[in-house]
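1. Fold the stuff below for me.
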Amino acid sequence: MAWLPFWPPNASITASRVDDITFGELGLVTIILLLVFGMMLTFVIRYRRGSRADRSHRAAKTWYFEIGWTSATLFAFLVLFAFGARAYLYLYQSPKSDIELYVVGKQWMWKIQYPGGQREIDSLHVPLGKSVRLLLGSEDVIHSFYIPAFRVKHDVVPGSFETLWFKADKLGDYPLECSEFCGTGHANMIGTVHVLTPAAYTRWLSSQSVGDTLAQQGAGLFRQYGCSGCHSARSTIHAPLLDGVYGSYQHMADGRTLFADERYIRDCILLPASERVAGYPPVMPSFSGQIPEENLMKLIAYIKSLAKAKEYP
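-> I've put the predicted structure just below:
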């Protein structure tokens, strides 16, 4: 849509779907607007005071026009709703990803962590043509992760865990923004998404100076917070082992069966009483408010590394 002024570029496979629905809705609303105002202007001009229009044959009231008009517009908007619902499910159900990145919103910056331990602030490097899955968290207030050129946006709410995905299909640099007012420095919470060729992306990763991987950093935190004292084979406390937990189905003490994804692991750390596995006593303390969001991401990466290779549904 480069021919439209002020319209952001289209640089992902999801952007076209969003644009099609947007223009479809704008087109339908424009048609209705023109019809309604066209009839209004026609009657205002034709039957203005002093005009010679014949007013002697008033039409009898009929429901045919009302029913036809209402039914036609309802059907048109239901068609748009169907396309919108399909696009929504497509956008918010993450497919199997090629790359997973961890993003933490903080007043007033975006902190990005890569599985290999690389870190960035207000900058995101991704390879062309690869599915990228983002795991989003907030450290303080509500933020909204927004890449206009990809037509993807997701609110990041404190105390919750969100996911977002995209696949860039054009090389270049694109704005990264926070689209939710988050304080006095909100206008400065901007960054850049760099879309590179796969080879250039690999070179960029290798050029970053890193120490431990994200999972290795999480292993250190796992011991630091005392998790290894309970969740190990040698522990005297009856707690579940975490090997192979991620990507499996867990049976809860209250009878529920939950899929162990990143959200489940996070809730088990912060809200252990509500996510207690069947057969284990409620002895785990809550770590809510004790672990920064950035460290939670590292712990999740470590627990994921303990799982056997499984496909993400």
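2. how near is Asp20 to Asn10?
-> Noted for Asp20: a distance of 11 Å to Asn10, by C-beta to C-beta, to the nearest Å. Placement of C-beta: from N, CA and C, glycine included.
3. Then Phe75?
-> 29 Å.
4. Compare those two (neighbour count), which wins?
-> Legend: neighbour count by other C-beta atoms under 10 Å for Phe75 and Asn10, higher for Asn10 (18 against 9).
5. What distance do you get for that one to Gly117?
-> 33 Å.
6. what about Glu66, helix or strand, and which?
-> Glu66 belongs to helix 64-92 when assigned by DSSP states H and E.
7. Give the buried residues for that helix.
-> Ala76, Gly84, Ala87, Leu91 (16 or more other C-beta atoms under 10 Å).
8. next one: stretch 181-191
-> For stretch 181-191, using 16+ other C-beta under 10 Å, the buried residues are Cys182, His186, Met189, Gly191.
9. same deal with stretch 139-153?
-> In stretch 139-153, counting by 16+ other C-beta under 10 Å, buried: 139, 141, 143-153.
10. Distance across that stretch, terminal residue to terminal residue?
-> 18 Å (C-alpha to C-alpha, to the nearest Å).
11. list the contacts for the residue nearest to Ser144 when sequence neighbours are not counted?
-> Distance criterion C-beta to C-beta, 6 or more residues apart in numbering; nearest residue to Ser144, sequence neighbours excluded, is Glu180 at 3.6 Å. By C-beta atoms under 8 Å, 6 or more residues apart in numbering, the contact list for Glu180 reads Ile142, His143, Ser144, Asp155, His186.
12. After the helix holding Glu66, heading C-terminal, what element do we hit next?
-> Next element after helix 64-92 (DSSP H and E): strand 99-106.
13. Give the partner strands of that following strand in its sheet and their orientations.
-> strand 109-113 (antiparallel), strand 131-138 (parallel) (DSSP bridges).
14. just so I know, which of the ones you listed lies nearest Glu100?
-> strand 131-138 (4.8 Å; C-beta to C-beta).
15. Measure how far the closest one is from the centre of its chain, please.
-> 7 Å (C-alpha atoms, centre = their mean, to the nearest Å).
16. what's the average pLDDT for it?
-> In this model, strand 131-138 has a mean pLDDT of 92.
17. Three-state assignment for the residue nearest to Ser144, please.
-> coil (DSSP: H, G, I helix; E, B strand; the rest coil).
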